[in-house]
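Novice: Just the structure for this:
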Amino acid sequence: EYWCMAGHNVTGTYNKRSTICNKLEEMGVTLFRCDLSKVDSIDATASLICGKVKWNVAVFCAGTLEPVGPFLTCDFEEWKEAIDINFLGQIRLLKNIMSSRDLVDQAIPRVLFFAGGGTNNANDNFSSYTVSKIALIKMCELLDSEIPDTCFTILGPGWVRTKIHEEVFKAGKKAGTALAKTTEAFENDKFYPMGDLMRCCD
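Specialist: Presented below is the predicted three-dimensional model:
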């Protein structure tokens, strides 16, 4: 929404359609459905993007905290699927769209990822999310070194009010100390302003 209002042509993806999708399409955003846990969905979406979209900035901000809880009690297939969503799926989609390099203009193409909380310490009960984000940080460094004609950046946004926090409330006691911290953040509006975050992305 922010970038549409700034006059940019925006293309996006979604996994589960919501009323926000309708609003974005009314603003002129082109949307494709993409399930980052499914290889076929990623590859199909990439084919559509490469055939229809010229780009010079790609922003990846998908993420899930689930499964929440101690590693030994998590369902391993759910744990692995979270790695796919938070890391492997995003990198697969990027690799596919980078192969076309169908750019809007001659500006240096830019790719922006988002890191998450807990990457600098032991983030108990959120192992799949934390491990994925650490991998994404290192992958960003590697890509920036290997592909010098593209600028790769990863941003740690801090606490931003998004729907991902619903997964903490859903997990309840399995979230450990994160439950009380998240509750306090909502009660006292202790979030980084979204407008400031978007300006930082710019």
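Novice: now the longest helix seen in the chain, how far from the centre of its chain.
Specialist: In the chain, assigned by DSSP state H, the helix with the most residues is helix 127-146. Distance of helix 127-146 from its chain centroid, counting by CA atoms, centre = their mean, to the nearest Å, is 12 Å.
Novice: Please list the residues outside that helix that contact it.
Specialist: 63-67, 71, 74, 79-80, 82-83, 85-87, 90-91, 111, 113, 115-116, 118-119, 123, 150-154 (CB atoms under 8 Å, 6 or more residues apart in numbering). Every residue, glycine included, has its C-beta placed from N, CA and C.
Novice: taking those residues one by one, which sit in strands?
Specialist: Among these, the members found in strands (DSSP state E) are 111, 113, 151-154.
Novice: Buried only: go through the residues you listed for me.
Specialist: 111, 113, 152, 154 (16 or more other CB atoms under 10 Å).
Novice: one step back: let me see the mean pLDDT of the longest helix of the chain.
Specialist: Over the span of helix 127-146, the pLDDT mean works out to 94.
Novice: Stretch 181-194 now?
Specialist: 92.
Novice: so how far is that stretch off the chain centroid?
Specialist: 20 Å.
Novice: Save the buried ones among the ones in strands among the contacts of helix 127-146 as CSV, and put in distance to residue 189 and pLDDT too.
Specialist: CSV is the format used below for those (distance: CB to CB, whole Å; pLDDT from 0 to 100):
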residue, distance to residue 189, pLDDT
111, 31, 95
113, 26, 95
152, 33, 95
154, 26, 94
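Novice: Do you have the helices of this protein handy? List them.
Specialist: 2-5, 19-26, 39-52, 76-83, 89-98, 127-146, 166-171, 177-187, 194-201.
Novice: looking at those helices, which is closest to residue 158?
Specialist: helix 194-201 (8.2 Å; CB to CB).
Novice: The closest one relative to strand 151-155, how many degrees between them?
Specialist: Inter-element angle recorded for helix 194-201 and strand 151-155: 150 degrees (by axes from the mean of the first three to the mean of the last three CA atoms, to 10 degrees).
Novice: Now helix 194-201: buried residues?
Specialist: Here helix 194-201 shows 197, 201 as buried, counting by 16+ other CB under 10 Å.
Novice: Nearest approach to residue 11 belongs to which of the helices of the chain?
Specialist: Nearest to residue 11, of all the helices of the chain, is helix 39-52, at 6.8 Å by CB to CB.
Novice: Cheers, nothing more for now.
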